[in-house]
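**Student:** prediction below, plus the sequence it came from.
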Amino acid sequence: MSLVSLAVVFWELRQGRKQNRTSALIQIYDINRQLLGMGFDRPEFFRVIGGKGGEGETARRYLQLWLNQIALIVHLNEQGLLTRSQWASLDADIESLFKNSELKTLWGEFSPFYPEPLRSFLDKKVAAIEAKEKAEASRVETSAA
């Protein structure tokens, strides 16, 4: 009887973990949808996130919303609530977002206000992106010469 009870408890825990993972992913996608929806209401936000302009406090605060979303994604991954494939996809999204020079600049300004694990993760991410960009620029200069 004890083994059956124990098996039921483990099964329920496993199901609860799956539900938590699903809820975490739904939360991430819902916030992404809301942030992108803001861009349909205010097309200048698409320019901001695309790195093609956007000045002023409104643009900065929109990018800060994306920083907060990234903070949530990294935290949920640290809590083990994302599968490897989900994390790989979201990590690629984060890297794509940080190719935006305005977001990198904003990160440099606001990073002290975020928790250490996020700062470490994003500082490494930004350094890797900048190294890739520098290598690409060097390769282009070399091939042009």
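**Tutor:** All right, it came through fine.

**Student:** pull the distance from the helix or strand where residue 40 lies to the chain's centre.
**Tutor:** For residue 40, the element it lies in under DSSP states H and E is helix 2-41. Distance of helix 2-41 from its chain centroid, counting by Cα atoms, centre = their mean, to the nearest Å, is 18 Å.

**Student:** and it, which residues are buried?
**Tutor:** By neighbour count on 16 or more other Cβ atoms under 10 Å, the buried set for helix 2-41 is 21, 24, 25, 28, 31, 35, 39. Where you see a C-beta, it was placed from the backbone N, CA and C, and this is true even at glycine.

**Student:** pretty sure the fifth one is touching residue 72, no?
**Tutor:** Meaning residue 31. Yes - Residue 31 is in contact with residue 72 according to Cβ atoms under 8 Å; the separation is 7.1 Å.

**Student:** what number of residues lie near residue 103?
**Tutor:** 22 (other Cβ atoms under 10 Å).

**Student:** tell me the confidence at it?
**Tutor:** On pLDDT, residue 103 comes in at 91.

**Student:** related to what we said a few turns ago, okay, the buried residues of helix 2-41 in JSON lines with distance to residue 56 next?
**Tutor:** Below are those laid out as JSON lines (distance: Cβ to Cβ, whole Å):
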{"residue": "21", "distance to residue 56": "38"}
{"residue": "24", "distance to residue 56": "33"}
{"residue": "25", "distance to residue 56": "33"}
{"residue": "28", "distance to residue 56": "28"}
{"residue": "31", "distance to residue 56": "23"}
{"residue": "35", "distance to residue 56": "18"}
{"residue": "39", "distance to residue 56": "16"}
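
**Student:** tell me how far residue 1 lies from residue 50.
**Tutor:** Using Cβ to Cβ, to the nearest Å, residue 1 is found at 62 Å from residue 50.

**Student:** distance of the residue of the chain most remote from its centre relative to residue 85?
**Tutor:** In the chain, residue 1 marks the outermost C-alpha relative to the chain mean, sitting 46.4 Å out by Cα atoms, centre = their mean. Computed as Cβ to Cβ, the residue 1 to residue 85 distance reads 39 Å.
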